[in-house]
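In: mind folding the following:
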Amino acid sequence: MVVRTTSLHSLKNFLPKIHQPLPLSHRESQQLLESITTSFRKNLDKEHPWEHGNESTSPNPPPQTKKPTLPKLVASSSLPSDTPTSQRPTDRHLGAILSNPLFAHQENKKPPAASRDPLDVFDSAVSKGLMTPRRAAGFLAKVRSQVTGESADDIRQGIADSGAGLRVVQWLRASGLENDLRFLADSNAILFANLIPFMYAEGLEEVVWSWVARLAARNETDDVKHTHFTALFGLLHAIMKHKRTSYSGLKTSLDGSYEAMVRVNELLPEKNQVASRAFKDIWVRLSLASTVFASEQPKPSAPQFNAFVGVGRPLKLRLDMAHLELRHPLSPDHSAAVQFMHHNVPPNLRPNTRTRLVCLALDAADRLKEVGDAEEVSWIERFVTRISNDLNSGILNALKRELIASELSIYRME
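Out: Numbers count the residues shown, from 1 in each chain. From the prediction side, this is the model:
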């Protein structure tokens with residue numbers, strides 16, 4: 001007798017029953033869940049009988065008229081009950097499984113993101129190669145905003161304790177950016193303004209001065225001189241601004257700025273055009289702060305004031321020198337200002353120069369009134385009227401407001 005083997009072709013109608021089409025519909029999914037739940041409960045009760053009070057679970061429990069669903073199981077696990085059914089091991093086990101957060105699908109509900117420590121954010125960005133000078137400046141600004149204190153000393157100590165300045169300096173060195181400080185020019189110059197206060201608070205001021213010396217010593221070609229100048233000027237400006245502002249934001253005496261200016265004069269080479277130009281522009285800004293904006297800060301000490309005037313004399317800025325002598329903290333002298341107005345005012349003055357000259361004349365008039373020279377005061381009043389004839393009164397007022405509200409350099413008469 002020969003037994004015939006069923007060919008594979010005859011199985012083609014059987015294979016589709018094994019490989020059901022996916023995905024399942026909602027109804028099929030619910031039926032599958034109910035089937036698995038019932039089977040699991042039945043086998044668990046069989047392997048691990050459970051007794052409640054004097055009653056024991058029968059080997060063949062009566063079939064349930066209604067199968068439990070997923071929402072009901074979750075609810076029974078989260079809401080305690082004293083009924084025997086809710087205390088079944090199977091109920092507790094299934095409830096623990098189905099109440100797991102992995103099964104809770106809550107769309108569009110994200111937990112609030114915890115605020116990260118700026119130091120951790122900075123370290124993470126550095127490790128991923130994402131740190132840039134502007135981002136470093138933002139990091140320092142964020143750390144600074146979190147430092148509070150009742151006094152300037154408290155704030156300075158808080159900044160020092162943060163160590164943020166050292167972190168940025170270490171990043172500049174590790175990344176190689178410190179080797180060419182011209183990268184801090186133009187749009188990245190904002191890093192200076194944020195970094196310098198941290199470096200001074202953390203005792204890294206000598207690193208700042210080493211940057212000044214390195215920038216000043218370079219002899220650049222014409223195509224990069226502007227970038228070189230912008231970097232050096234930005235660094236010097238940040239130093240001067242920090243020196244005349246306390247950590248609490250209040251303006252202080254210009255003594256610190258005068259000391260820094262003297263040190264800059266010692267560091268910068270005389271024959272370097274970029275260094276000389278940066279020094280001149282910074283000195284003029286500080287001259288404006290000492291004269292036009294002198295009322296905004298306490299009087300400086302006479303020795304520091306004299307040292308600042310001394311390093312600026314080679315620049316031969318007659319208007320600035322006359323105004324500085326008029327604003328001397330101990331012995332103001334109006335003679336140079338009066339002589340300048342009598343003999344050194346050329347025609348066709350620029351509007352900015354005209355405004356600066358008005359400030360000089362008004363300060364000279366106040367000083368002459370103190371010494372009782374009424375005749376010279378009268379002449380200065382006519383002088384101010386004469387140099388203002390070409391200006392509309394509205395324009396003059398606008399120029400005065402702009403001068404008082406800003407620290408932009410004013411064109412000087414050479």
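
In: which residues touch V262?
Out: 307-308, 311 (C-beta atoms under 8 Å, 6 or more residues apart in numbering). Yep, even glycine has a C-beta here, placed from its N, CA and C like the rest.

In: filter these down to the buried ones, ChimeraX style.
Out: Buried residues among those (16 or more other C-beta atoms under 10 Å), as a ChimeraX selection:
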select :307,308,311
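
In: export the contacts of V262 to JSON lines and tack on secondary structure, distance to S335 and pLDDT?
Out: Listed next are the contacts of V262 as JSON lines, based on DSSP: H, G, I helix; E, B strand; the rest coil; distance: C-beta to C-beta, whole Å; pLDDT from 0 to 100:
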{"residue": "A307", "secondary structure": "helix", "distance to S335": "22", "pLDDT": "97"}
{"residue": "F308", "secondary structure": "helix", "distance to S335": "20", "pLDDT": "97"}
{"residue": "V311", "secondary structure": "helix", "distance to S335": "22", "pLDDT": "96"}
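
In: which one of the contacts of V262 is nearest F229?
Out: Minimum distance to F229 across the contacts of V262 is 19.4 Å, recorded for V311 (C-beta to C-beta).

In: any idea how far S127 is from that closest one?
Out: Applying C-beta to C-beta, to the nearest Å, the value for V311 to S127 is 45 Å.

In: same deal with V384?
Out: The value you get for V384 to S127, if C-beta to C-beta is used, is 63 Å.

In: quick one: the strands in this structure?
Out: Residue ranges of the strands in the chain, as given by DSSP state E, are 51-52, 55-56.

In: hey, least reliable of those by pLDDT?
Out: Here the lowest mean pLDDT among these goes to strand 55-56, at a mean of 46.

In: which stretches in the stretch 301-414 of the chain count as helices?
Out: Under the criterion DSSP state H, counting those that start in this stretch, the stretch 301-414 of the chain carries helices at the ranges 302-312, 318-326, 335-343, 351-371, 374-387, 393-405.

In: nearest to I196, of these?
Out: Of all those, it is helix 302-312 that lies closest to I196, at 19.8 Å by C-beta to C-beta.

In: show me what that closest one is packed up against.
Out: With contacts taken as 3 or more C-beta pairs under 8 Å, 6 or more residues apart in numbering; DSSP states H and E, helix 302-312 sits against helix 255-267, helix 273-290, helix 318-326.

In: closest to H242 out of those helices?
Out: helix 255-267 (8.4 Å).

In: tell me which residues in the closest one are buried?
Out: Neighbour-count burial for helix 255-267, counted by 16+ other C-beta under 10 Å, picks out 255-258, 260-261, 264-265, 267.

In: same question, stretch 334-349
Out: In terms of neighbour count (16+ other C-beta under 10 Å), stretch 334-349 has its buried residues at 334, 336-338, 340-341, 345, 349.

In: mind putting these in CSV, pLDDT included?
Out: Listed next are the buried residues of stretch 334-349 as CSV, based on pLDDT from 0 to 100:
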residue, pLDDT
H334, 92
A336, 93
A337, 93
V338, 92
F340, 90
M341, 90
V345, 78
L349, 74
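
In: possible to save these as CSV with distance to S145?
Out: Listed next are those as CSV, based on distance: C-beta to C-beta, whole Å:
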residue, distance to S145
H334, 46
A336, 46
A337, 44
V338, 49
F340, 46
M341, 48
V345, 48
L349, 44
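
In: in the chain, which residue is most central in space?
Out: Nearest residue to the geometric centre of the chain (C-alpha atoms, centre = their mean): G138, 2.4 Å.

In: need the helices and strands packed on helix 302-312 in CSV with distance to R27, can you?
Out: Shown next, in CSV, are the helices and strands packed on helix 302-312 (distance: least, C-beta to C-beta, whole Å):
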stretch, distance to R27
helix 255-267, 81
helix 273-290, 80
helix 318-326, 91
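
In: out of these, which comes closest to A164?
Out: The nearest among the helices and strands packed on helix 302-312, by C-beta to C-beta, is helix 255-267 at 22.2 Å.

In: for that closest one, what does the pLDDT average out to?
Out: Helix 255-267 comes out at a mean pLDDT of 95.

In: tilt between it and helix 273-290?
Out: Here the directions of helix 255-267 and helix 273-290 differ by 160 degrees (axes from the mean of the first three to the mean of the last three C-alpha atoms, to 10 degrees).

In: tell me how far helix 255-267 lies from the chain's centre.
Out: Centroid separation between helix 255-267 and its chain, computed with C-alpha atoms, centre = their mean, to the nearest Å, is 28 Å.

In: helix 302-312 and that one, what's the angle between them?
Out: Going by the same axes, to 10 degrees, helix 255-267 makes 40 degrees with helix 302-312.

In: got the CA positions of helix 255-267 in PDB?
Out: The C-alpha coordinates for helix 255-267 follow below in PDB (Å, rounded to 0.1, in the frame of the first residue of the first chain):
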ATOM      1  CA  ASP A 255      40.600 106.400  39.500                       C
ATOM      2  CA  GLY A 256      40.600 102.800  38.400                       C
ATOM      3  CA  SER A 257      40.100 103.800  34.700                       C
ATOM      4  CA  TYR A 258      43.000 106.300  35.000                       C
ATOM      5  CA  GLU A 259      45.300 103.600  36.500                       C
ATOM      6  CA  ALA A 260      44.400 101.200  33.600                       C
ATOM      7  CA  MET A 261      45.000 103.900  31.000                       C
ATOM      8  CA  VAL A 262      48.500 104.500  32.400                       C
ATOM      9  CA  ARG A 263      49.200 100.800  32.200                       C
ATOM     10  CA  VAL A 264      47.900 100.700  28.700                       C
ATOM     11  CA  ASN A 265      50.300 103.500  27.700                       C
ATOM     12  CA  GLU A 266      53.200 101.500  29.100                       C
ATOM     13  CA  LEU A 267      52.200  98.300  27.200                       C
END
